[in-house]
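In: Got a predicted structure plus its sequence, pasted below:
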Amino acid sequence: MNELLEVRNVRRSFPRSGGEELLVLEDVNLSLKEGEIVGLLGRSGSGKSTLLRLIAGLASPQGGSLTYMGAPINGPAQGVAMVFQGFALFPWMTVLQNVELGLEALGLPESEIRRRALAAIDLIGLDGYESAYPRELSGGMRQRVGFARAIVVHPNILLMDEPFSALDVLTAENLRTDLIELWGKKQLPTKGIILVTHNIEEAVLMCDRVLLFSASPAKVSSEVRIDLPQPRERTSPAFEDYVDRIYVEMTARRVERMRQQQQGTSFLDMPLTHVSPNQISGLVEALAAAPYDGKADLPDIAYEQELEVDELFPVAEAMQLLRLADVEGGDIKLTHMGKRFADGELNERKEIFSRALQNHVPLAGHIRKVLDERASHSAPYRRFLDELEDHMAEDAAEETLKTVVSWARFSELFSYDDDAELFSLENPT
């Protein structure tokens, strides 16, 4: 197969306050060959969308190289089109006008622009809606317009940035099925597709290869080749095996990263993803109940609880951090304390959560120690935020503190007054 794209050792960072930089992509390597759909799978914020912008030529790397059709990418690449997560349509334009817009920059005759736009609209299943405005269309139809606008230019590479995530489950499934059918029949006027997603089943359903992205900074941690014929059946053992394999690989890497973070005792090295106590309690209760009775495959509980990877993994990681559950090999299992938490009344749950915070979340223990030692038993929010920002990005520091505040309030380990931006031991346990 001919190579459409080669990404080698790409690095990208963004400036931070104080003259430092936030490293988003580091040593990223991938390729796309003609006839392939390649999936980029990882949690939101792992740099996948940034990589797509580099491939499209909308931004430049600060290291490494990107080669499209044998030539370096330098500015917007002709023959590369993108479908966005949002519909990104002009509301004052009709469906036809929105699709034609993608062709006007090519300098084609008006008759050719109209012919190709009508053909793209028909191909994507919107024949009859040419004169409709976006406000008259459902979400699925608006996204179909986005696809038509992308493919009307007959791109060599089609970039898709979580194109189904804003749609309801049934609409997304219908649109995926139609696209796979068009691709399989070679009716899509494109040679290769890169799909950004955080939906494991979607990646296995659509892709020939799935690249798993690690985070902070992002790089390709592993590749899974999906050797299944299209169309693929979600309920087949082979399909489920691939889903399980990806869950296992993603879980193993995330667990290893968490263990590395926990080896150090400093809260400065442990960014936290915000997960509410209600989410933790809900998953603990679901695991404790039948049919799981304390242990479940992550794919199974994700399906039953209708959770995406971005929703499930942070809750599972928080449970592991708090020693309420163990996550290993694609499974999640309640610990002894997790079972006690599930069986306990509210006050016992608060006590268990409070001990877990002090023993296993260094930042929470640090804040409590500072409050205990001060005569006023209070400390400003900025005092801890500044400490964190010396070691992590500003948004990560804010999310980490937000998480600890939420957990501490539930457990009554300490209090926080948002108006005064002040931590205190008011109503302590």
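Out: Cool, the structure landed.
In: number of nearby residues for residue 147?
Out: Residues contacting residue 147 under the criterion other CB atoms under 10 Å number 25. C-beta here means a position set from N, CA and C on the backbone, and glycine is covered the same way.
In: Return the backbone torsion pair for residue 75.
Out: For residue 75, the backbone dihedrals (degrees, to the nearest 10) come out as phi 90, psi 180.
In: In space, what's closest to it - neighbours in sequence excluded?
Out: Nearest residue to residue 75 in three dimensions, chain neighbours excluded: residue 57, at 5.1 Å (CB to CB, 6 or more residues apart in numbering).
In: Would you mind measuring from that neighbour to residue 78?
Out: 9 Å (CB to CB, to the nearest Å).
In: Tell me how far stretch 204-215 lies from the chain's centre.
Out: Per CA atoms, centre = their mean, to the nearest Å, the displacement of stretch 204-215 from the mean C-alpha position of its chain is 12 Å.
In: before we move on, what about stretch 290-307?
Out: Computed by CA atoms, centre = their mean, the separation of stretch 290-307 from the middle of its chain amounts to 20 Å.
In: which residues of the protein score low on pLDDT?
Out: 1, 16-20, 44-46, 87, 216, 252-269, 427-429 (pLDDT under 70).
In: how does it divide into domains?
Out: When the chain is parsed with automatic domain parsing, its domains come out as 3-248, 277-424.
In: of those, which approaches residue 270 most closely?
Out: domain 277-424 (6.3 Å; CB to CB).
In: can you give me the end-to-end distance of that closest one?
Out: Criterion CA to CA, to the nearest Å; first-to-last residue distance in domain 277-424 is 20 Å.
In: which SSE is residue 242 in?
Out: Per DSSP states H and E: residue 242 is located in helix 237-263.
In: which helices and strands does the helix or strand following that helix pack with?
Out: The helix or strand immediately downstream of helix 237-263 is helix 277-288, counting by DSSP H and E. Counting contacts by 3 or more CB pairs under 8 Å, 6 or more residues apart in numbering; DSSP states H and E, helix 277-288 packs against helix 298-304, helix 309-321, strand 331-334, helix 336-343, helix 394-411.
In: try it again with 6 Å
Out: helix 309-321, helix 336-343 (3 or more CB pairs under 6 Å, 6 or more residues apart in numbering; DSSP states H and E).
In: Same list (the ones you listed) but as JSON lines, adding mean neighbour count.
Out: Output for those, formatted as JSON lines (neighbours: other CB atoms under 10 Å):
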{"stretch": "helix 309-321", "mean neighbour count": "21"}
{"stretch": "helix 336-343", "mean neighbour count": "17"}
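In: could those be laid out in CSV, adding distance to residue 149?
Out: Shown next, in CSV, are the helices and strands packed on helix 277-288 (distance: least, CB to CB, whole Å):
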stretch, distance to residue 149
helix 309-321, 27
helix 336-343, 49
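In: now for those helices, which one comes closest to residue 276?
Out: The nearest among the helices and strands packed on helix 277-288, by CB to CB, is helix 309-321 at 9.0 Å.
In: Restrict the closest one to CA atoms and write it as CSV.
Out: Output in CSV follows, covering the C-alpha atoms of helix 309-321 (Å, rounded to 0.1, in the frame of the first residue of the first chain):
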residue,chain,number,x,y,z
VAL,A,309,-13.6,5.2,28.7
ASP,A,310,-13.2,8.8,29.7
GLU,A,311,-15.9,8.3,32.3
LEU,A,312,-15.1,4.9,33.6
PHE,A,313,-11.3,5.0,33.9
PRO,A,314,-11.1,8.1,36.1
VAL,A,315,-13.6,6.6,38.6
ALA,A,316,-11.8,3.3,38.6
GLU,A,317,-8.5,5.0,39.1
ALA,A,318,-9.9,7.1,42.0
MET,A,319,-11.2,3.9,43.6
GLN,A,320,-7.8,2.3,43.2
LEU,A,321,-6.0,5.4,44.6
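In: Quick check: next helix or strand after it?
Out: strand 325-328.
In: what comes up buried for that following strand?
Out: 325, 326, 327 (16 or more other CB atoms under 10 Å).
In: Return the distance of the second one relative to residue 296.
Out: I take that to be residue 326. Distance from residue 326 to residue 296, by CB to CB: 12 Å.
In: quick one, phi/psi of residue 413?
Out: Residue torsions, per degrees, to the nearest 10, at residue 413 are phi -70, psi -40.
In: What of residue 138?
Out: Backbone geometry at residue 138, expressed as degrees, to the nearest 10, gives phi -70, psi 170.
In: Return the set of buried residues in stretch 171-182.
Out: Neighbour-count burial for stretch 171-182 [16+ other CB under 10 Å]: 171, 172, 174, 175, 176, 179, 180, 182.
In: how close does the fourth one sit to residue 203?
Out: Computed as CB to CB, the residue 175 to residue 203 distance reads 16 Å.
In: One more: the third one?
Out: Applying CB to CB, one obtains 18 Å for the distance of residue 174 from residue 203.
In: Dig out what residue 193 forms beta bridges with.
Out: Per DSSP bridges, the residues bridged to residue 193 are residue 37, residue 158.
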